[in-house]
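A.B. asks: The amino acid sequence is not available; the structure is as follows:
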């Protein structure tokens, strides 16, 4: 899979393929359905399956105060799309010049001239161009006039409602990582740099990796079972998000206690998957009560690990 950030570097050999345009934040099951149809059309035109996405989300440029916290960083998004079978991800640097293009100019300059698309796949809620001026009806007309095959994919729905990035974002913001994972193609993941903390966990026998500089949505405060990825290897973990009221600390922290691991990680960038929420943040009257609860949390994490398929 190729990740391209500049269309001036787009190889001519990749033109005349099938494209889909969107944010693809989180890469969920609805996105996977679009990609499946994208691959079908790419095969039909004997070309590449291309995802054109935006970096950052257009709202972060136009209305930064209203921009939602992202669910994935660009390289992670590209990896998830590659796993679904995409050949090329174009992570276009979003700027006012791009966002000022009318829907007609966007179609002519990006879809036709730069990418040379022969097929397109989109969802029914697709909009493009300045002020979202183009919808799927407009896109249909433009594609018909340009001899580009267009398929509009029916949205994927579970027993409740449509699967969407905004719905997943809401679940994660409330700590409901397990139902969110059922809508995603993989469990929800964050990344951060390991920094020095107060080392209170190590002092009571439960050392943690303190994560900072997290650039995606942080789940709600609580304790979770999950996996920490270090140098590409997965380790089961008990993850604490939130303050530490037992020690009078009110700042939100993200800490991962990595099971059966004792190597220093300071300065490393690690990734953390969230599998299951174990409990809320609690205040304990004594250090002994805290140790007892942490022991219980780790036991719960081990039970979940034993029932979970072996991670990659």
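C.D. replies: In hand now; what should we look at? Here the structure is a predicted model, which means the values were calculated and not measured.
A.B. asks: Correct me if wrong: residue 165 contacts residue 26.
C.D. replies: Yes - counting by C-beta atoms under 8 Å, residue 165 does reach residue 26; the two are 5.0 Å apart. The way it works is simple: take the backbone N, C-alpha and C, and place the C-beta from them, glycine included.
A.B. asks: pLDDT value on residue 247, please?
C.D. replies: We have a pLDDT of 65 for residue 247.
A.B. asks: Just want the most central residue of the protein.
C.D. replies: residue 72 (2.6 Å; C-alpha atoms, centre = their mean).
A.B. asks: Look at that one and report its pLDDT.
C.D. replies: 97.
A.B. asks: next one: residue 66
C.D. replies: Reported pLDDT for residue 66: 92.
A.B. asks: so how many other residues sit close to the residue lying closest to it once chain neighbours are set aside?
C.D. replies: Take residue 66 and drop its neighbours on the chain: the residue closest to it by C-beta to C-beta, 6 or more residues apart in numbering is residue 59, 6.0 Å away. With neighbours defined by other C-beta atoms under 10 Å, the count for residue 59 comes to 15.
A.B. asks: so how far is residue 92 from residue 59?
C.D. replies: Note on residue 59: its distance to residue 92, by C-beta to C-beta, to the nearest Å, is 15 Å.
A.B. asks: what residues does the host helix or strand of residue 168 touch?
C.D. replies: Here residue 168, judged by DSSP states H and E, is contained in helix 165-173. Helix 165-173 is contacted by residues 23, 25-26, 28, 68-69, 71, 161, 177, 179-180, 183-184, 188, 217, 219-220, 274 when judged by C-beta atoms under 8 Å, 6 or more residues apart in numbering.
A.B. asks: how about the helices in the protein?
C.D. replies: Remark: helices assigned in the chain by DSSP state H are 29-45, 58-62, 74-83, 96-99, 103-106, 136-145, 165-173, 177-183, 200-203, 287-307.
A.B. asks: Please enumerate the strands of the protein.
C.D. replies: 2-4, 18-21, 49-55, 88-93, 119-122, 149-152, 188-195, 209-212, 222-230, 233-244, 249-258, 269-279 (DSSP state E).
A.B. asks: Of the ones you listed, which is nearest residue 37?
C.D. replies: Residue 37 sits nearest to strand 119-122 of all the strands of the chain, at 4.9 Å, using C-beta to C-beta.
A.B. asks: what packs against that closest one?
C.D. replies: Strand 119-122 sits against strand 18-21, helix 29-45, helix 136-145, strand 149-152, with contacts defined as 3 or more C-beta pairs under 8 Å, 6 or more residues apart in numbering; DSSP states H and E.
A.B. asks: Let me see the contact set for residue 149.
C.D. replies: 18, 41, 44-45, 118-120, 143.
A.B. asks: Which pair of those residues spans the longest distance?
C.D. replies: 44 and 143 (14.5 Å).
A.B. asks: Pick out whichever of the two has more residues nearby.
C.D. replies: residue 143 (20 against 12).
A.B. asks: doesn't residue 150 make contact with that one?
C.D. replies: Yes - the criterion here is C-beta under 8 Å, and residue 143 meets it with residue 150 at 4.1 Å.
A.B. asks: intersection of neighbour lists for these two?
C.D. replies: With C-beta under 8 Å, 6+ apart as the test, residue 143 and residue 150 both reach residue 120.
A.B. asks: Let me see the backbone angles for residue 153.
C.D. replies: For residue 153, the backbone dihedrals (degrees, to the nearest 10) come out as phi -90, psi 140.
A.B. asks: That one - how many residues pack around it?
C.D. replies: 19.
A.B. asks: Tell me the confidence at it?
C.D. replies: So residue 153 comes in at 97 (pLDDT).
A.B. asks: buried ones in stretch 72-84?
C.D. replies: Using 16 or more other C-beta atoms under 10 Å as the test for burial, stretch 72-84 gives 72-74, 76-82, 84.
A.B. asks: go on, stretch 161-175?
C.D. replies: Applying 16+ other C-beta under 10 Å to stretch 161-175 flags 163-165, 167-169, 171-172, 175 as buried.
A.B. asks: How far does it stretch from one end to the other?
C.D. replies: 19 Å (C-alpha to C-alpha, to the nearest Å).
A.B. asks: coming back round to it: between strand 188-195 and the helix holding residue 168, find me the angle.
C.D. replies: 50 degrees (axes from the mean of the first three to the mean of the last three C-alpha atoms, to 10 degrees).
A.B. asks: before we move on, the earlier item: in CSV, list the helices and strands packed on strand 119-122 along with distance to residue 109.
C.D. replies: Shown next, in CSV, are the helices and strands packed on strand 119-122 (distance: least, C-beta to C-beta, whole Å):
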stretch, distance to residue 109
strand 18-21, 13
helix 29-45, 21
helix 136-145, 12
strand 149-152, 18
